[in-house]
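> just a sequence and a predicted model for now, questions to come.
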Amino acid sequence: MTTDAFKIAPSILSADFTRLGAEIADVLDAGADFLHLDIMDGHFVPNISFGPAITAAARAAAPGCHLDAHLMISEPLRYAPELIAAGADSITFHIEVAPDPADMAKRLRDLGCRVGITLNPATPVETILPALDLVDLVLVMSVVPGFSGQKFMPEVLDKCRFLKSRLRPDQHLEIDGGINPDTIRQAADAGCDWFVCASAIFGPPDRRAALTALRRRLGAS
């Protein structure tokens, strides 16, 4: 894998929502590859984040940018149409809410979006295999989902290695949770090519410097 294949996506969950448009412009101008939207329902996870309105605001602020929506919600099929209409390009659902993940992936695909599947750190990686050929990306959670700023869990890297050996070249392996200059190289070495970063990008005042530090660890200038 070349360094050109690596993509870094700031999670707008850590942005200042009072100036969301400016925050999005700042990270994109600084060199971010696309945006990650952490959508939480207060049921599947204990936190509530945002939904279609903020998705639409992100789309308006970044018309040509890929919006990667991670649905930490109990009913992804109920809300996916609104999120896609609001501008989400891809919808990633949790295996933990999908008794039939292959059917879920097909039904989301029928809505006209790219599809991802994800799993919590404690969930066995084998549970997603029935849908593996039907998705565009697999997201490995490296924290327990629900809140930003948690510590990276290196034990999930074995899942990444297992999945990387089974994914097609056109599929992506994404990781989310505690990704920063100290952990991003570990994730890349385990096979990940898409990296979701929250506070590591939105926390520092100089977002360009933050992204440069991450890319240096990946071996890119």
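Thanks, I have the structure now.

> tell me where the protein has strands.
7-10, 35-40, 67-72, 90-94, 114-119, 137-141, 172-176, 194-197 (DSSP state E).

> partners of the last one, with directions?
Just to be clear, that refers to strand 194-197. Partner strands and pairing direction for strand 194-197 (DSSP bridges) are strand 7-10 (parallel), strand 172-176 (parallel).

> again with the third one
Taking DSSP bridges as the criterion, strand 67-72 forms sheet pairs with strand 35-40 (parallel), strand 90-94 (parallel).

> for that strand, list the C-alpha coordinates in PDB.
Extracted C-alpha coordinates of strand 67-72, given in PDB (Å, rounded to 0.1, in the frame of the first residue of the first chain):
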ATOM      1  CA  LEU A  67     -19.500  12.600   3.900                       C
ATOM      2  CA  ASP A  68     -18.900   9.300   5.700                       C
ATOM      3  CA  ALA A  69     -21.800   8.700   8.100                       C
ATOM      4  CA  HIS A  70     -21.300   6.300  10.900                       C
ATOM      5  CA  LEU A  71     -24.700   5.400  12.400                       C
ATOM      6  CA  MET A  72     -24.300   4.500  16.100                       C
END
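
> quick check: Arg217 touching Gln186?
No. Applying Cβ atoms under 8 Å, one finds Arg217 not in contact with Gln186, separated by 9.5 Å. The way it works is simple: take the backbone N, C-alpha and C, and place the C-beta from them, glycine included.

> roughly how far does Val143 sit from Ser49?
Using Cβ to Cβ, to the nearest Å, one gets 15 Å for the distance from Val143 to Ser49.

> residue ranges with poor pLDDT in the chain?
Residue ranges of the chain with pLDDT under 70: 1-4, 147-149, 220-221.
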